[in-house]
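1. dropping a prediction and its sequence here:
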Amino acid sequence: MALSLKNIKYKILSIFPILLLLFVSFNGNSIIDFNFFSINLHFIIVYYWALRDPDNFGYGFIFLSGIINDVVYGLPFGVNALCLLLIAAVAAYVRVVAVRVTLVNDWISFVPALLFANFIYFLSLYFSSFEINYLSLFKDSLFTLIFYPIMWALFSFIINLRKS
Amino acid sequence: MDTSREDVGIAFRSALLVKGTKQKFSLIALVIFSIILIFLETIETKPLNYIRSFLKDTVYRGSLVISAPSKGFNSFTNYVSTHINLYKNYESLKVENDKLKNNISESKFLELENTQLRKLIDEQITSNSDLVSARVMLDKQSPYINSFIINSGSNKDIKNGMAVLDGKNFIGRIVDVNFFSSRILLISDLNSKIPVIVEPSGNHAILTGHGDNNPSLQFLPENHQIEDGHKVYTSGKEGIFSPGIPIGEVKIKKKEIKVFLFSNLDQITFVNVKLERANNN
């Protein structure tokens, strides 16, 4: 089987979400801070790709990425991994029950995913005696939700590019 | 009604329990494993600590390599902005230099007076603390966590709780030690609470971080006489750190007593770790 340009493009774009996920965790960019607000890029990546392309987005990688993120940010092992897996669980559930792929469907179902993940984040850190700034956590969730359509458009473009 | 409940059950099971064709692990198995890991974090045993240290050292090295391009980009933008602000900095330094020249004569006199007074009360200033210099490997800061990773750990006798200095200024303490790396919790972090003393008013307080670069003073007496420009030092209370390490300067903003740090936490490349903890003396 000859390696055509199309094949190479397909392969690269197939592993793109995993590479992005691991890059974000290692680089410590899971939360992008803009001083007044912050965006949790990690949540968006996991939710979108677990919902739209689970075959190329293994749960094992999500777990690994969460553990790396915990180490980089100095959180107890497992906190981020658990949050990301819960996001992926909501995405998996939505994937099973949803009939059509639309931005509005995805966006609305992202709300419970964020709520679950942040609730677990809060609980794990609370019991690990980490102090949390509730306002920052709320602002982070809100702006992550607002920012979702932009990332949705970008990731959808990548999926379309792969298909073409 | 029953049918819809069954549908939800089926969807739930298929989402959580069923592995996809290309998935190696089911979601529920990984969720349970994560919960076990969180509980394991509370257990302190030697083998577990070794595994944790090894894992952390490995991830830090990986992170150092992967974040190299973005670090390079940041230093380039810093370089450009420094050049853009060159003239402005020159003007302000000129003014500062004039001020300092005026203060030098006064400070020399105070120095002399201080030495004489110390001799008088027969006080010997001895410091049994050794400093270990380390390079900042990673400075990952988020709205929740403000910390640095440095490239020295238990291999250089660093232990939890030791004070970390930027030059002579206090910037944080060691909270996690691995074989070849350690984590510094910066004074700007939400979880940082440092006993301090404010001079010349002499009030004791707790310096609390808020996630930004300006921590604030808390637990002050009601009739305190703190004003703008007063200096903040570690108090050495409860034997956590040596007393008298400079931290910053007071600025009162909307009745909140903020501390502007002597060190710019965004521009730190090397730090000194004070090897002796005050309570180990």
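-> That came through, no problem.

2. wait, a strand at B:Ile197?
-> Yes. Under DSSP: H, G, I helix; E, B strand; the rest coil, B:Ile197 falls within a strand.

3. how many residues are close by the spatially closest residue to it that is not a sequence neighbour?
-> Excluding the flanking residues, the one nearest B:Ile197 by Cβ to Cβ, 6 or more residues apart in numbering or on different chains is B:Ser235, at 4.0 Å. C-beta here means a position set from N, CA and C on the backbone, and glycine is covered the same way. Number of residues near B:Ser235 (other Cβ atoms under 10 Å in any protein chain shown) recorded here: 21.

4. next: B:Lys255.
-> For B:Lys255, the count of nearby residues is 5 (other Cβ under 10 Å).

5. do the same with the one 4 residues further on
-> Other residues near B:Val259 number 26, with proximity taken as other Cβ under 10 Å.

6. how would you label it: helix, strand or coil?
-> Assignment for B:Val259 (three-state DSSP): strand.

7. tell me which helix or strand the closest residue to it other than its chain neighbours sits in.
-> Nearest residue to B:Val259, sequence neighbours excluded (Cβ to Cβ, 6+ apart): B:Gly248, at 4.3 Å. Take DSSP states H and E as the rule and B:Gly248 turns out to sit in strand B:246-253.

8. average pLDDT for that strand?
-> Averaging the model's pLDDT scores along strand B:246-253 yields 87.

9. packing partners of it?
-> strand B:169-177, strand B:193-199, strand B:231-234, strand B:256-261 (3 or more Cβ pairs under 8 Å, 6 or more residues apart in numbering or on different chains; DSSP states H and E).

10. please redo it, this time with the cut-off set to 10 Å
-> The contact analysis (3 or more Cβ pairs under 10 Å, 6 or more residues apart in numbering or on different chains; DSSP states H and E) places strand B:246-253 against strand B:169-177, strand B:193-199, strand B:203-208, strand B:216-218, strand B:231-234, strand B:256-261.

11. how about CSV for those, with mean pLDDT added?
-> Shown next, in CSV, are those (pLDDT from 0 to 100):
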stretch, mean pLDDT
strand B:169-177, 89
strand B:193-199, 86
strand B:203-208, 87
strand B:216-218, 86
strand B:231-234, 88
strand B:256-261, 87
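
12. and for B:Ser263, nearest residue in space, chain neighbours not counted?
-> In space, B:Ser263 is closest to B:Asp166, 4.0 Å off (Cβ to Cβ, 6+ apart).

13. for the one you found, give me the pLDDT.
-> Model confidence at B:Asp166 (pLDDT) stands at 86.

14. hang on, the earlier thing: direction included, what does the strand holding B:Gly248 pair against?
-> Its sheet considered, strand B:246-253 pairs with strand B:231-234 (antiparallel), strand B:256-261 (antiparallel) by DSSP bridges.

15. in chain A, which helix or strand is least confident?
-> Here the helix or strand of chain A ranked lowest by mean pLDDT, DSSP states H and E is strand A:31-33, holding a mean of 67.

16. starting from that strand, tell me the next helix or strand along the chain.
-> Next element after strand A:31-33 (DSSP H and E): strand A:38-40.

17. do the helix or strand following that following strand and chain B meet at all?
-> Counting by DSSP H and E, the next helix or strand C-terminal to strand A:38-40 is helix A:41-52. Yes. Residues of helix A:41-52 contacting chain B under Cβ under 10 Å from any Cβ of the partner chain: A:Ala50.

18. what packs against helix A:41-52?
-> Using 3+ Cβ pairs under 10 Å, 6+ apart as the contact test, the elements touching helix A:41-52 are helix A:5-27, strand A:31-33, helix A:59-73, helix A:79-97, helix A:103-127, helix A:134-163.

19. list the contacts for B:Pro200?
-> Residues in contact with B:Pro200 (Cβ atoms under 10 Å, 6 or more residues apart in numbering or on different chains) are B:Gln225, B:Ile226, B:Glu227, B:His230, B:Lys231.

20. show me what the closest residue in space to the fourth one that isn't next to it in sequence is bridged to.
-> Of all residues beyond its chain neighbours, the one nearest B:His230 is B:Val250 (4.4 Å), with distances taken as Cβ to Cβ, 6+ apart. On the basis of DSSP bridges, B:Val250 takes part in beta bridges with B:Val259.

21. what count of nearby residues applies to B:Val250?
-> Neighbours of B:Val250 (other Cβ under 10 Å): 21.

22. what of the one 4 residues further on?
-> By other Cβ under 10 Å, the residues close to B:Lys254 number 5.

23. quick check: phi and psi on it?
-> Per-residue torsions, B:Lys254: phi 50, psi 50 (degrees, to the nearest 10).

24. likewise for A:Ile132?
-> phi -120, psi 140.

25. residues contacting the closest residue to it other than its chain neighbours?
-> Distances taken as Cβ to Cβ, 6+ apart put A:Leu125 closest to A:Ile132, at 5.5 Å, once the chain neighbours are dropped. Residues near A:Leu125 by Cβ under 10 Å, 6+ apart: A:Leu75, A:Pro76, A:Val79, A:Glu131, A:Ile132, A:Leu137, B:Tyr144, B:Ile145, B:Asn191.

26. from these, list the buried ones, please.
-> Buried members of those, counted by 16 or more other Cβ atoms under 10 Å in any protein chain shown: A:Leu75, A:Pro76, A:Val79, A:Ile132, A:Leu137, B:Tyr144, B:Ile145, B:Asn191.

27. is it true that A:Leu86 touches A:Ser124?
-> No. A:Leu86 is beyond contact range of A:Ser124, at 11.1 Å (criterion: Cβ atoms under 10 Å).

28. comparing the two, which shows the higher neighbour count?
-> Set A:Leu86 next to A:Ser124 and count neighbours by other Cβ under 10 Å: A:Leu86 wins out with 25 against 22.

29. for A:Lys118, which non-adjacent residue is spatially closest?
-> If you look again at residue A:118, you'll see it is Asn, not Lys. Nearest non-adjacent residue to A:Asn118 (Cβ to Cβ, 6+ apart): A:Ser141, at 5.4 Å.

30. residues in contact with that neighbour?
-> A:Ser38, A:Ile39, A:Asn40, A:Phe43, A:Val111, A:Leu114, A:Leu115, A:Ala117, A:Asn118, A:Tyr121.

31. where does pLDDT dip in the stretch 101-250 of chain B?
-> Filtered on pLDDT under 70, the stretch 101-250 of chain B yields the residue ranges B:105, B:108-109, B:112-113, B:116-129, B:140-144.

32. which parts of it sit against chain A?
-> Applying Cβ under 10 Å from any Cβ, we find that the stretch 101-250 of chain B lies next to chain A at B:138-149, B:175-176, B:178, B:183-185, B:189-193, B:208-212.
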